[in-house]
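> I need the structure of the sequence given here:
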Amino acid sequence: MALTLTELEATTKDYFLADNRKAIDIYFNDSFYMDYSMNKKKAILKRYPGGKKIKCHLNYDGQEGGFYDKNSTLSSDDKESVNAAFFSTKHAYGNATIHRNDELENAGAYAEVELVATKLEGAQKTCRKKIAQQIYANNGDGAKEITGIKAMCFGAAATAYGEIAENDLASADGTKPWKAVNTTAAAAISLSAIRTLKSSAKISDGPNGKPNVGLTTEALFNIVSSILQNQQRFTQDSETVKAGFTNLVFEGMIIAADDYCPTGYLYLLNTAYCGWAIHTQGFFARTQWADLLPTGTPAKSLKIFWDGNHICTNRKAHAGQSGLT
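The predicted structure follows:
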């Protein structure tokens, strides 16, 4: 006998609560960056309740100040020092549909529960993959997909990122704090190349002054790993290993292989200044099961929704390099 909508709801709740909510890990166990930043919350994770745009405040210039003596007049001017980037909310979903013939073929309590679990896992993986595939994309503000890391680290000076173009912001010293930091010259990956790229995204000598996470392909990761092993300088981040992701630690920075990183690329991110903004009702939120028979389809369906975007509060704190071998 087919499960009723009430029975489907109960089975679905049990699925997500079972084994200490192990099913939740499915959303993150295919991409190192999603697990590190969104699941482990080791990057910005902003939850917002609504609005047409996600507002991210930027600090890019100091206030008035200096040395003075008893004859000096101190300025009380409020220098314009804060601007904001705006990111659109992007929407992803995964679908689970159980057709009546599937239910009939999987009669019996155990078979029905297994069928529901299989469909739910498929919906989770689909939603996860749709997000992971776009993390490294060059989607701009107007695209329906998330605004990816490539858009953050690459792009022409006149191209807007977060609704701000590189040339729109200038510090008092003439530098451009919203400049995309990147290298496109073909090169062989090496420790020297990594150091150079890391230094290009340096914003200070203190804490959170340089990138702390490197993302690359498995092929490039293996080259770096071999170099470090040969020099007996190989260490790993134990928490990342425990999560099932291959990684190494180089001069305090975790470098990991991410299957979704495009060929020849290395991204160095400072996760104090990038991460996610996710709607309070859109963190892999699911609908209730709905009967599709009124629409002419003998089936029941459920959707899993993710609503948010990848965000950045200091663009020059990250760097990307392409053309690496």
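> where is the longest helix in the chain?
helix 109-132 (DSSP state H).
> and it, which residues are buried?
112-113, 115-117, 119-120, 123-124, 127-128, 130-132 (16 or more other CB atoms under 10 Å). Yep, even glycine has a C-beta here, placed from its N, CA and C like the rest.
> and if you look at stretch 315-325?
In stretch 315-325, counting by 16+ other CB under 10 Å, buried: 315, 316, 317, 318, 319, 320, 321, 322, 324.
> hang on, the earlier thing: how about the CA coordinates for the longest helix of the chain, as CSV?
C-alpha atoms of helix 109-132 as CSV (Å, rounded to 0.1, in the frame of the first residue of the first chain):
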residue,chain,number,x,y,z
ALA,A,109,7.3,-1.0,5.1
TYR,A,110,11.1,-1.5,4.7
ALA,A,111,11.1,-1.1,0.9
GLU,A,112,9.0,2.0,1.1
VAL,A,113,11.3,3.7,3.7
GLU,A,114,14.3,2.8,1.5
LEU,A,115,12.5,4.3,-1.5
VAL,A,116,11.9,7.5,0.3
ALA,A,117,15.5,7.7,1.6
THR,A,118,16.8,7.2,-1.9
LYS,A,119,14.7,9.9,-3.4
LEU,A,120,15.5,12.3,-0.6
GLU,A,121,19.3,11.7,-1.0
GLY,A,122,19.0,12.3,-4.7
ALA,A,123,17.3,15.6,-4.1
GLN,A,124,20.0,16.6,-1.6
LYS,A,125,22.8,15.7,-4.0
THR,A,126,21.2,17.6,-6.9
CYS,A,127,20.8,20.8,-4.9
ARG,A,128,24.4,20.4,-3.5
LYS,A,129,25.8,19.9,-7.0
LYS,A,130,24.1,22.8,-8.5
ILE,A,131,25.7,25.1,-5.9
ALA,A,132,29.1,23.4,-6.0
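> touching, residue 166 and residue 181? I think so.
No. With contact defined as CB atoms under 8 Å, residue 166 does not count as touching residue 181 (10.4 Å).
> which stretches of the chain form helices?
Under DSSP H, the chain gives helices at 5-21, 32-33, 100-105, 109-132, 149-153, 191-200, 218-230, 238-242.
> any idea which of those gets closest to residue 93?
Nearest of these to residue 93, taken as CB to CB: helix 109-132 at 6.0 Å.
> chain center to that closest one: distance?
In this view, helix 109-132 has its centroid 22 Å away from the chain centroid, taken as CA atoms, centre = their mean, to the nearest Å.
> which helices and strands does that helix pack with?
The criterion is 3 or more CB pairs under 8 Å, 6 or more residues apart in numbering; DSSP states H and E, and the helices and strands that helix 109-132 contacts are helix 5-21, strand 90-99, helix 100-105, strand 299-312.
> what angle separates the first one from strand 90-99?
By that I understand helix 5-21. 120 degrees (axes from the mean of the first three to the mean of the last three CA atoms, to 10 degrees).
> quick one: low-confidence residue ranges for the stretch 151-300 of the chain.
172-173, 232-245 (pLDDT under 70).
> now the stretch 1-150 of the chain
Using pLDDT under 70, the stretch 1-150 of the chain drops low at 1, 59-66, 75-82.
> how about the helices of the chain in a markdown table, adding distance to residue 93?
Output for the helices of the chain, formatted as a markdown table (distance: least, CB to CB, whole Å):
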| stretch | distance to residue 93 |
| --- | --- |
| helix 5-21 | 16 |
| helix 32-33 | 21 |
| helix 100-105 | 21 |
| helix 109-132 | 6 |
| helix 149-153 | 22 |
| helix 191-200 | 36 |
| helix 218-230 | 29 |
| helix 238-242 | 29 |
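> closest to residue 284 out of these?
Of these, nearest to residue 284 by CB to CB is helix 109-132, at 6.6 Å.
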